[in-house]
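Enquirer: next one to model:
(chains A and B)
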Amino acid sequence: MSFLAENFPLIRDAFLTTLSLAVVSGICALILGTVLAAMRVSPVPALRGLATFYVELFRNTPLTVVFFFLAFGIVYVDLQFPSRFITAVAALSLYTAAFVCEALRSGINAVPAGQAEAARALGLDFRQSLTTVVLPQAFRTVVPPLGNVWIALAKNTSIAAGFAVADLTALLQRLSNSAADELALVFVAVVAGYLVITLPSAWAISVLERRLAIVR
Amino acid sequence: MTSRPNGEPLVRLSGVNKWFGELHVLQDIDLDIARGEVVVVIGPSGSGKSTLCRTINRLEPIEKGEITIDGERLPEEGKQLARLRADVGMVFQSFNLFAHKTILENVTLGPLKVRKQSKGDAEKRARELLERVGVTAQADKYPAQLSGGQQQRVAIARALAMDPKVMLFDEPTSALDPEMINEVLDVMTSLAREGMTMVVVTHEMGFARRAANRVVFMDGGRIVETAEPETFFTNPQSPRAQDFLSKILNH
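Expert: I've put the predicted structure just below:
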């Protein structure tokens, strides 16, 4: 136990890095995914096509490849992210947005067509009917699948360790080299770090699901 | 209520044709609806009467023909269409109240978002309308907490809140339990008496007799017969209308 106490600042910093990777990427992915979902149901064919292309590209590309491209590939187009952390956030957000979009789109499809018809009949335009009538109801039905996306994202942050971000997984690598005899303890600490993020999320998701449920 | 109001037609359909794939659901429909007129559209299921109603605010686009409202051609898409729809109230068979909003919010949504009214004005008017349709006590509840009849009356209030030029009713009582039908028809009848221009797709022959200026009988995507209610119900001209009426009136 004294081993963990000695390394507490390291573990804390690694945990906070993983947490902020997940939270910042989660927020970015939610915003981008919502815009993509709106594009996928829009009446403009070009927007639908663009969003479909995006989703298929990112959800069928391994996340590690996305990281590789953003870390090294974009140098060829004279671009570079200001920090490795931002590179990781960009990769995680772009990748996760595709899954957010698809979860949300299934929720939009689950909103009865009559809701959007009633909104249009009142004179609301496409954007208004989407933002005031369809999306608020869609979000409520996709809390469980979005929860899955969030948990997957929290775990996917571990790929950042391979790209020199000092997160929990990087800590595991580092300590397993320097303190091989305490390996079991290091594992416990790292796994606990991820569980602290994902388990309360699962609980929060089920609470949110019950709170937001709409009776039909 | 048999005299036909005069003046320029408020709603005009000319040469309207619509297909669902191979199915020719509306065939050469010509129909003028005068200001203040109440037109009841009846016909067997699949006759195209609901589709006809839904083309008037372009919830169903048409392939051929022209629809004008108050002299203005129905735009194809976008902001102009939205603006024109704001002047056309619609009441659906399945109510379609916004499930995530309270009754009051359902009625104020259009005035707030489309008419850009202030919250105070919109709520004041909404409460007046809810009182008029008799659901004041439910203002802060959600749609699912109301009976079908109450929901449909709220839907009427929601449409009226936009001060529409014309109201479309697409089988407004077909999803209701029998004991709730009259409370909705009463609201509609009083609207008709006050001179609202109405297009009503319904199976309620009593309402047609009581409130309509004109009955339009449809079959197979065509308007087969148009007549004043008394004439239509007592002396239908076309064999299809005679057949239809004999099936629904003699039991």
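
Enquirer: tell me the centre residue of chain A?
Expert: Computing the C-alpha centroid of chain A and ranking residues by CA atoms, centre = their mean puts residue A:26 first, at 3.9 Å.

Enquirer: any idea which helix or strand carries that residue?
Expert: Secondary-structure assignment from DSSP states H and E places residue A:26 in helix A:8-40.

Enquirer: got the angle for the next helix or strand after that helix vs helix A:8-40?
Expert: With elements assigned by DSSP H and E, the helix or strand that comes after helix A:8-40 is helix A:45-59. Helix A:45-59 and helix A:8-40 meet at an angle of 150 degrees, taking axes from the mean of the first three to the mean of the last three CA atoms, to 10 degrees as the criterion.

Enquirer: report the buried residues of helix A:45-59.
Expert: In terms of neighbour count (16 or more other CB atoms under 10 Å in any protein chain shown), helix A:45-59 has its buried residues at A:47, A:51, A:54-55, A:58. From N, CA and C alone the C-beta is placed, and that goes for glycine too.

Enquirer: any chance of the backbone angles for the residue in chain A positioned nearest to chain B?
Expert: In chain A, no residue comes nearer to chain B than residue A:123, which is 2.8 Å away by CB to the nearest CB. Main-chain torsions, residue A:123, degrees, to the nearest 10: phi 100, psi 10.

Enquirer: doesn't residue B:82 make contact with it?
Expert: Yes: checked against CB atoms under 8 Å, the pair residue A:123 and residue B:82 is within contact range at 5.1 Å.

Enquirer: nearest to residue B:218, of the buried residues of helix A:45-59?
Expert: Within the set of the buried residues of helix A:45-59, residue A:47 lies nearest residue B:218; the separation is 37.9 Å, counting by CB to CB.

Enquirer: identify the residue nearest the closest one in space, chain neighbours excluded?
Expert: Take residue A:47 and drop its neighbours on the chain: the residue closest to it by CB to CB, 6 or more residues apart in numbering or on different chains is residue A:39, 4.3 Å away.

Enquirer: and for the one you found, the neighbour number?
Expert: Other residues within reach of residue A:39 by the criterion other CB atoms under 10 Å in any protein chain shown amount to 19.

Enquirer: and it, how far from residue A:198?
Expert: 30 Å (CB to CB, to the nearest Å).

Enquirer: now residue B:85
Expert: Applying CB to CB, one obtains 46 Å for the distance of residue B:85 from residue A:198.

Enquirer: who's more crowded, these two?
Expert: Neighbours around residue B:85 and residue A:198, counted as other CB under 10 Å, are more numerous at residue B:85. The numbers are 28 against 17.

Enquirer: which helix or strand contains the more buried one?
Expert: Mapping residue B:85 onto the secondary structure by DSSP H and E places it in helix B:78-86.

Enquirer: quick check: phi and psi on residue B:88?
Expert: phi -120, psi 110.

Enquirer: what residue in chain B comes nearest to chain A?
Expert: Closest point on chain B to chain A, by CB to the nearest CB, is residue B:86, at 2.8 Å.

Enquirer: all helices in chain A, in order from the N-terminus.
Expert: Remark: helices of chain A, listed N- to C-terminal, are A:2-6, A:8-40, A:45-59, A:63-71, A:84-110, A:113-121, A:126-129, A:135-141, A:143-156, A:168-178, A:183-212; assignment by DSSP state H.

Enquirer: does chain B sit close to the last one?
Expert: No: judged by CB under 8 Å from any CB of the partner chain, helix A:183-212 stays clear of chain B, getting no closer than 8.8 Å.

Enquirer: helices or strands next to that helix in the packing?
Expert: Using 3 or more CB pairs under 8 Å, 6 or more residues apart in numbering or on different chains; DSSP states H and E as the contact definition, the elements that helix A:183-212 packs against are helix A:2-6, helix A:8-40, helix A:143-156, helix A:168-178.

Enquirer: over to the second one?
Expert: Here helix A:8-40 touches helix A:45-59, helix A:84-110, helix A:135-141, helix A:143-156, helix A:168-178, helix A:183-212, going by 3+ CB pairs under 8 Å, 6+ apart.

Enquirer: gap between that helix and the chain center?
Expert: Averaging C-alpha positions (CA atoms, centre = their mean, to the nearest Å) puts helix A:8-40 6 Å from its chain's average.

Enquirer: run through who's touching the helix or strand bottoming out on mean pLDDT in chain A.
Expert: Of all helical and strand segments in chain A, the minimum by mean pLDDT, DSSP states H and E falls on helix A:2-6, at a mean of 82. Counting by CB atoms under 8 Å, 6 or more residues apart in numbering or on different chains, helix A:2-6 makes contact with A:11, A:179, A:182, A:185, A:189, all of which sit outside it.

Enquirer: next, the distance between the ends of stretch B:63-83.
Expert: Criterion CA to CA, to the nearest Å; first-to-last residue distance in stretch B:63-83 is 22 Å.

Enquirer: need the contact list for residue 64.
Expert: Looking at chain A here, since you left the chain open. If you count contacts by CB under 8 Å, 6+ apart, then residue A:64 has A:159, A:162 around it.

Enquirer: oops, I was thinking of chain B
Expert: Residue B:64 makes contacts with B:15-18, as judged by CB under 8 Å, 6+ apart.

Enquirer: shaky segments in chain B?
Expert: Counting by pLDDT under 70, chain B contains low-confidence ranges at B:1-7, B:250-251.

Enquirer: at the contact with chain A, which residues of it appear?
Expert: Counting by CB under 8 Å from any CB, the residues of chain B close to chain A are B:57, B:59, B:77-79, B:82-90, B:92, B:94, B:96-100, B:109-110, B:113-114, B:142, B:144-145, B:155, B:158-159, B:162.

Enquirer: just to revisit the earlier point, what number of residues lie near the residue nearest to the residue of chain B closest to chain A when sequence neighbours are not counted?
Expert: If the residues on either side of it in the chain are set aside, residue B:86 comes closest to residue A:123, at 2.8 Å by CB to CB, 6+ apart. By other CB under 10 Å, 25 other residues sit near residue A:123.

Enquirer: how about the one 5 residues further on?
Expert: Residues contacting residue A:128 under the criterion other CB under 10 Å number 19.

Enquirer: so what's it closest to, chain neighbours aside?
Expert: Nearest residue to residue A:128 in three dimensions, chain neighbours excluded: residue B:113, at 5.5 Å (CB to CB, 6+ apart).

Enquirer: OK, contacts around the one you found?
Expert: Listed by CB under 8 Å, 6+ apart, the contact partners of residue B:113 are A:122, A:124, A:128, A:132.

Enquirer: residue B:172 versus the residue of chain B closest to chain A, what's the distance?
Expert: Noted for residue B:86: a distance of 20 Å to residue B:172, by CB to CB.

Enquirer: neighbour count: the two, which is higher?
Expert: For residue B:86 and residue B:172, the more surrounded residue by other CB under 10 Å is residue B:172, and the numbers stand at 28 against 22.

Enquirer: tell me the SS of the more buried one?
Expert: Put simply, residue B:172 is coil when judged by DSSP: H, G, I helix; E, B strand; the rest coil.

Enquirer: mind putting the contacts of helix A:2-6 into a markdown table with distance to residue A:97, pLDDT and neighbour count?
Expert: Conversion of the contacts of helix A:2-6 to a markdown table gives the following (distance: CB to CB, whole Å; pLDDT from 0 to 100; neighbours: other CB atoms under 10 Å in any protein chain shown):
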| residue | distance to residue A:97 | pLDDT | neighbour count |
| --- | --- | --- | --- |
| A:11 | 30 | 90 | 20 |
| A:179 | 38 | 80 | 14 |
| A:182 | 39 | 84 | 16 |
| A:185 | 37 | 88 | 15 |
| A:189 | 31 | 90 | 22 |
